[in-house]
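>>> Sequence isn't available, so here's the structure alone:
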Ligand code: NAD
């Protein structure tokens, strides 16, 4: 599970050697630590002419977060981030000025810096020119992300349904992307709508989930254990669920987060009822559910045994659907569901027809469930990890694993905590305007759209 290559090319003699030989050097990514500044340097906010008012509003919000905000590009600064505000741009020609201003400082972007676009989603009734301008940002951002180096990333916040730039969820998304919490999220555009329920939430708190009860399935190890720890760090009381056979790891996670353990196979018919009963009886309610339990049974379809197809569908998809039915029937207010998809479910992967079916299915049910939960102030979102260093991926043959690590723009695998940070953000009350979305945590893996 250790990426020895990344460690070697970043330390001691091997670092010097790698430099001399011109070997690719994946960066050591900056990850969140309480008390660290939001960005690694000053933030430049630029905009097209029509978006100047929106840029002023965003600059003000950043100032309130104690960020050193500048409005003019200069090359005497090691920039921590560049934010391009393009929300009111209506013609393709209007983008040249702000985009080139951002480009002029990229050589001075600090390691682990950030470039962000804030734009609007094309909508029904847009003129072709407006739709082209808005959709164009997508291709621009994804390409720019591939040009950045030294752990710097580029991501976008895309406003929908007339959301204002200062909508709570838009600011929460901006803050997540600027921060070290998004270390392994790269080249992604996240759609954010207005959400009244997010109003008034404190975006600077270290404990956005204070007082919330969260359930994490598959919490005994790997990504699930990291999710449990991250949600607890953010203030949640966590119910850790896993199969009885993983009881030891399950107790370890539950103890380490001061939560409770529930030994349960998520494929059981009554799994939803037992989860709900445990959360209510032991902790007084249920606010967040993370469907993380998942398995692989990789085989070419030509060689696939019925049991291999059926087991993967039962754990990765059917269980989530059944549990969600129970939760929806219970009519909980403000419930945030986050489900684990995978980049395999977006781009496909040889030997994973069963797994990719279930992970694409997760994306499908997430979009459909989002509308049902929104009525009660809740959300359903999915996170699609790429290659993450866990027990699941350590079983991949060495050569394939090494290729998978180097393919993303960030040229390394992610850590379980990277997935957990994205989930903690989506589970937080401030992110209520993010609903029915799929956030990829893949270091900009070369797959899918
Ligand atoms: P893992 O195998 O390390 O952990 C999965 C956990 O789920 C285990 O503790 C296991 O006991 C539990 N589990 C399995 N079946 C269960 C059941 N029926 N009931 C309850 N618990 C059950 O896997 P991981 O790498 O940590 O992956 C976690 C999730 O992330 C999975 O949904 C996986 O598909 C997804 N994912 C992982 C990667 C990656 O690179 N590791 C990439 C994309 C998506």
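Yes, it's here. Small disclaimer: the values here were computed from a predicted structure and weren't measured. Numbers count the residues shown, from 1 in each chain.
>>> got the residues of this protein near the ligand?
Counting by Cβ under 6 Å from any ligand atom, the chain comes close to the ligand at 217-218, 220-224, 242-243, 246, 265-267, 292-295, 315, 340, 342, 385, 387-388, 390-393. The C-beta positions use only the backbone N, C-alpha and C, and glycine is treated the same way.
>>> Run a quick neighbour tally on the closest residue to the ligand within the stretch 51-200 of the chain.
The ligand sits closest to residue 184 of the stretch 51-200 of the chain, with a gap of 11.1 Å, by Cβ to the nearest ligand atom. Neighbour count of residue 184, defined by other Cβ atoms under 10 Å: 29.
>>> Check residue 111 too.
With other Cβ under 10 Å as criterion, residue 111 counts 15.
>>> try the one 3 residues further on
By other Cβ under 10 Å, the residues close to residue 114 number 27.
>>> which ones are touching it?
By Cβ atoms under 8 Å, 6 or more residues apart in numbering, the contact set of residue 114 is 39, 80-82, 152-155, 177-178.
>>> Also residue 220?
Each residue near residue 220 by Cβ under 8 Å, 6+ apart is listed here: 240, 242-243, 246-250, 252-253.
>>> one step back: just the buried members of the residues of the chain next to the ligand?
For the residues of the chain next to the ligand, a neighbour count by 16 or more other Cβ atoms under 10 Å gives the buried set as 217-218, 220-224, 242-243, 246, 265-267, 292-294, 315, 340, 342, 385, 387-388, 390, 393.
>>> now, which of those residues lie within strands?
217, 242, 340, 385 (DSSP state E).
>>> Would you check which pair of these lies furthest apart?
Largest separation among these by Cβ to Cβ: 242 and 385, giving 18.5 Å.
>>> Outline the domain layout of the chain.
Domain ranges of the chain: 1-28, 31-192, 213-441, per automatic domain parsing.
>>> so how far is the longest one from its chain's centroid?
Going back to what we said before, that points to domain 213-441. 13 Å (Cα atoms, centre = their mean, to the nearest Å).
>>> Pull up the distance across that domain, start to finish.
By Cα to Cα, to the nearest Å, the extent of domain 213-441 from end to end equals 24 Å.
>>> Equivalent analysis for stretch 215-231, please.
End to end - Cα to Cα - stretch 215-231 spans 10 Å.
>>> sorry, back to before: return the subset of the contacts of residue 114 lying in helices.
Residues of the contacts of residue 114 located in helices (DSSP state H): 177-178.
>>> coming back round to it: give me the pLDDT for the residue of the stretch 51-200 of the chain closest to the ligand.
Per-residue pLDDT puts residue 184 at 98.
>>> again with residue 241
Value for residue 241, per-residue pLDDT: 99.
>>> Any regions of the stretch 251-400 of the chain where pLDDT drops low?
In the prediction, the stretch 251-400 of the chain carries no residues with pLDDT under 70.
>>> and the residue of it nearest the ligand?
Going by Cβ to the nearest ligand atom, the ligand is nearest to residue 294 of the stretch 251-400 of the chain, at 2.2 Å.
>>> Residue 312: what's it in contact with?
Listed by Cβ under 8 Å, 6+ apart, the contact set of residue 312 reads 295-297, 354-355, 357-358.
>>> With adjacent residues omitted, what lies nearest to it?
residue 354 (4.3 Å; Cβ to Cβ, 6 or more residues apart in numbering).
>>> Could you give me the buried positions within the host helix or strand of the one you found?
Per DSSP states H and E, residue 354 falls inside helix 353-374. The neighbour-count check on helix 353-374 (16+ other Cβ under 10 Å) flags 353-363, 365-367, 369-370, 373-374 as buried.
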